[in-house]
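[1] Fold the stuff below for me.
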Amino acid sequence: MKKNKPKDERIVQINNQIQSEAFLLLLVLLTTSIFVKSYLLEQPVSELLTELLLLGIAFIYLLIRGSLIGHELIDPSKHAKKLRVSAVIVGSVFVSAVTGVRNYSLYHELYTGYFDPHFLAILGITFISSALFMSALVFLVSSVNRFGQKRLESKLEDENEEK
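    The predicted structure is shown next:
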């Protein structure tokens, strides 16, 4: 039988940090791949299914695993709420800008200019829909976070009662 040698906590923390950074890097690379394939290479969504599936699985894993162990995914403070609202707005503006540039470059002959009502309507609809989608994602993550925190608190209370 092998004996489990105790590991230095600092080494374990460094290893966890490296793995966390590698996971984050993979998420950024997947997102970049989706962006490049869809906007620059103009590939259809069917060509992006692998990246979208992997990104979705990673997101769902983080949500479920985080809630099971009671890890606080989102800071519940007032300042953090303002940052989330700002992030939703900035993200929606970014999505609208990228979509607007691509839309105008593909269909510029159908518009009378940048201030064409149809073009502006597309930008407005894109902004609203992306803001609603991002808000729903933030709400989902916040709800899972609250559930995980309640679960952790009840688990800790049960442990305290047993002592």
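[2] Could you tell me the phi and psi values at the nearest residue to residue 147 once chain neighbours are set aside?
    In this structure, residue 147 finds its nearest non-sequential neighbour in residue 67, 5.4 Å apart by CB to CB, 6 or more residues apart in numbering. Backbone N, C-alpha and C define where each C-beta goes, glycine included. With angles defined as degrees, to the nearest 10, residue 67 sits at phi -70, psi -30.
[3] Quick check: residue 67 touching residue 151?
    Yes - here residue 67 reaches residue 151: they are 7.0 Å apart, a contact under CB atoms under 8 Å.
[4] More neighbours: the two, which one.
    Using other CB atoms under 10 Å, the more surrounded residue of residue 67 and residue 151 is residue 67, with 21 against 14.
[5] show me the contacts for that one.
    Counting by CB atoms under 8 Å, 6 or more residues apart in numbering, residue 67 touches 73, 144, 145, 147, 148, 151.
[6] Mind checking which of these are buried?
    144, 145, 148 (16 or more other CB atoms under 10 Å).
[7] will you turn those residues into TSV that also has distance to residue 84, secondary structure and pLDDT?
    Output for the buried ones among the contacts of residue 67, formatted as TSV (distance: CB to CB, whole Å; DSSP: H, G, I helix; E, B strand; the rest coil; pLDDT from 0 to 100):
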residue	distance to residue 84	secondary structure	pLDDT
144	14	helix	78
145	12	helix	77
148	17	helix	77
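[8] Would you tell me which one of those comes nearest to residue 90?
    Set against residue 90, the nearest of the buried ones among the contacts of residue 67 by CB to CB is residue 145 (21.2 Å).
[9] Quick check: that closest one vs residue 64, distance?
    12 Å (CB to CB, to the nearest Å).
[10] what do you get for residue 97?
    33 Å.
[11] Pull out the buried residues from the helix-or-strand element of the chain with minimal mean pLDDT.
    The helix or strand of the chain with the poorest confidence is helix 49-69; it has a mean of 82 (mean pLDDT, DSSP states H and E). For helix 49-69, burial by neighbour count (16+ other CB under 10 Å) applies to 51, 55, 62, 63, 66, 67.
[12] Please apply the same query to stretch 99-108.
    Applying a neighbour-count criterion of 16+ other CB under 10 Å, one finds 99, 100, 103, 104 buried in stretch 99-108.
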